[in-house]
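Engineer: predicted model and sequence follow; I will ask about them next.
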Amino acid sequence: MKRSVFFTLLAFALMYKNVLAQEANEAAEGTLITDRPTQTYSSFVVPKGAFQIESGMGYSNELSPNFALVDLTAETFTLNFLQLRYGLSDRLELRLAQNVYFDREKLNGEVRRKGELQFASTWIGAKYGLLDEEGFVPKTSFLAEYVTDVFEDKMKQSLINLRLNFSNTLSEKMTLGYGFGGLVPTKNGPLNFEYSVVGAYAFQPNWGAFLELYGTFRNDWVNSHNVDMGISYLVNNNLQLDAYTGFDLSNNIGDTDFLFGFGFSTRILKK
């Protein structure tokens, strides 16, 4: 509990500091580009010397299958998803991500169990910009992260997250982002090959909307496919707000059936 309070206070303190310094280098650095709230990682890296904070809250549930004899719902409440990104060079950023959440179970609409506040796995890694967009060649970056149990005690083994991220500018208002990769277990278990495709449209100068398809192919043949959508509002070049919702298309046991959330992203530029 104390750690979650610390992370929350840290995020708001850094956001306040950013408000004081947000006019510095804005023209040179351009507008804020984030990884959230989509499942598709952006192909862009954080500018050199910039410190970017992406955070939010969310809800998801998993319903019992139609053939089940009871109406059982597993719910997860994410109180703080915090991702920190720092531009080490023009093409390389360092990354750290941490979730704080609690879950509960409902049987026939009544709460049967409520879990304690806890930390999810910790994601530590880097993103490297490979190619700039030129004609039909997409802007391309590579992401590598180590997923481990710094705070969590339920994780059976660490994972390696590897992604190739792409984006194409289709018009002044529309962009296409897509990527693929997966989670590789360090010991044993199913290999997860993951894909995502997102279309984004700027319907107003500061307002944008997206529609996304994403999913997972596993070597145990339990595949999943999902869709989500949302909006974002660019308050200024260094502050963005967002909201999203989504649902499952596969109806597999154990898959997330419904989710929604909201959050903010901000950055502190090098003076």
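Structural biologist: It's in.

Engineer: phi, psi of Leu117?
Structural biologist: For Leu117, the backbone dihedrals (degrees, to the nearest 10) come out as phi -60, psi 130.

Engineer: contacts only, for Gly215.
Structural biologist: 194-196, 223-226, 249-250 (CB atoms under 8 Å, 6 or more residues apart in numbering). To be clear about C-beta, it is placed using only N, CA and C from the backbone, and glycine gets the same treatment.

Engineer: looking at those residues, which one is closest to Asn61?
Structural biologist: Distance to Asn61, by CB to CB, is smallest for Asn226 among the contacts of Gly215, at 13.4 Å.

Engineer: so which strand or helix has that closest one?
Structural biologist: The secondary structure element spanning Asn226 is strand 224-236 (assigned by DSSP states H and E).

Engineer: what comes up buried for whichever helix or strand comes after that strand?
Structural biologist: Beyond strand 224-236 on the C-terminal side, the first helix or strand identified by DSSP H and E is strand 239-248. Of the residues in strand 239-248, 239-242, 244-246, 248 count as buried by neighbour count, 16 or more other CB atoms under 10 Å.

Engineer: wait, Lys187 touches Gln157, no?
Structural biologist: Yes - with contact defined as CB atoms under 8 Å, Lys187 and Gln157 form a contacting pair (4.5 Å).

Engineer: the two: which is more packed in?
Structural biologist: The neighbour count for Lys187 versus Gln157, taken as other CB atoms under 10 Å, is higher for Gln157 (12 against 8).

Engineer: just put the contacts of Gly215 in CSV and tack on neighbour count.
Structural biologist: Written out in CSV, the entries for the contacts of Gly215 read as follows (neighbours: other CB atoms under 10 Å):
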residue, neighbour count
Glu194, 19
Tyr195, 17
Ser196, 22
Asn223, 14
Ser224, 19
His225, 15
Asn226, 20
Leu249, 13
Ser250, 14
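
Engineer: could you dump those to CSV with distance to Gly30 and pLDDT?
Structural biologist: What follows is the contacts of Gly215, written out as CSV (distance: CB to CB, whole Å; pLDDT from 0 to 100):
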residue, distance to Gly30, pLDDT
Glu194, 29, 95
Tyr195, 28, 97
Ser196, 24, 98
Asn223, 38, 88
Ser224, 35, 90
His225, 34, 94
Asn226, 31, 95
Leu249, 35, 90
Ser250, 38, 83
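
Engineer: quick revisit: contacts for the strand holding Asn226, please.
Structural biologist: Around strand 224-236, the neighbours that count as contacts under CB under 8 Å, 6+ apart are 22, 31-32, 37-39, 206-216, 240-250, 252, 255-256, 259.

Engineer: helices of the protein, start to end?
Structural biologist: Listed in chain order, the helices of the chain (DSSP state H) span 2-21, 26-29.

Engineer: out of those, which gets the lowest mean score?
Structural biologist: Out of the helices of the chain, helix 2-21 stands lowest, with a mean of 43 (criterion: mean pLDDT).

Engineer: ok, and what's touching stretch 244-252?
Structural biologist: Applying CB under 8 Å, 6+ apart, the external contacts of stretch 244-252 come out as 37-38, 65, 212, 215, 222-231, 255-262.

Engineer: type out the PyMOL command that picks the buried ones from those.
Structural biologist: Selecting the buried subset of the contacts of stretch 244-252 in PyMOL, with 16+ other CB under 10 Å as the burial test, is done by:
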select buried, resi 37+38+212+215+224+226+228+229+230+255+256+257+259+260+261
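
Engineer: sorry, back to before: the strand holding Asn226 pairs with which strands, and in what direction?
Structural biologist: Strands flanking strand 224-236 in the sheet, each with its direction: strand 207-218 (antiparallel), strand 239-248 (antiparallel) (DSSP bridges).

Engineer: could I get the buried residues of strand 239-248 in JSON lines, plus columns for pLDDT and distance to Gly56?
Structural biologist: Shown next, in JSON lines, are these (pLDDT from 0 to 100; distance: CB to CB, whole Å):
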{"residue": "Leu239", "pLDDT": "97", "distance to Gly56": "14"}
{"residue": "Gln240", "pLDDT": "97", "distance to Gly56": "11"}
{"residue": "Leu241", "pLDDT": "98", "distance to Gly56": "10"}
{"residue": "Asp242", "pLDDT": "98", "distance to Gly56": "7"}
{"residue": "Tyr244", "pLDDT": "98", "distance to Gly56": "9"}
{"residue": "Thr245", "pLDDT": "97", "distance to Gly56": "13"}
{"residue": "Gly246", "pLDDT": "96", "distance to Gly56": "14"}
{"residue": "Asp248", "pLDDT": "92", "distance to Gly56": "20"}
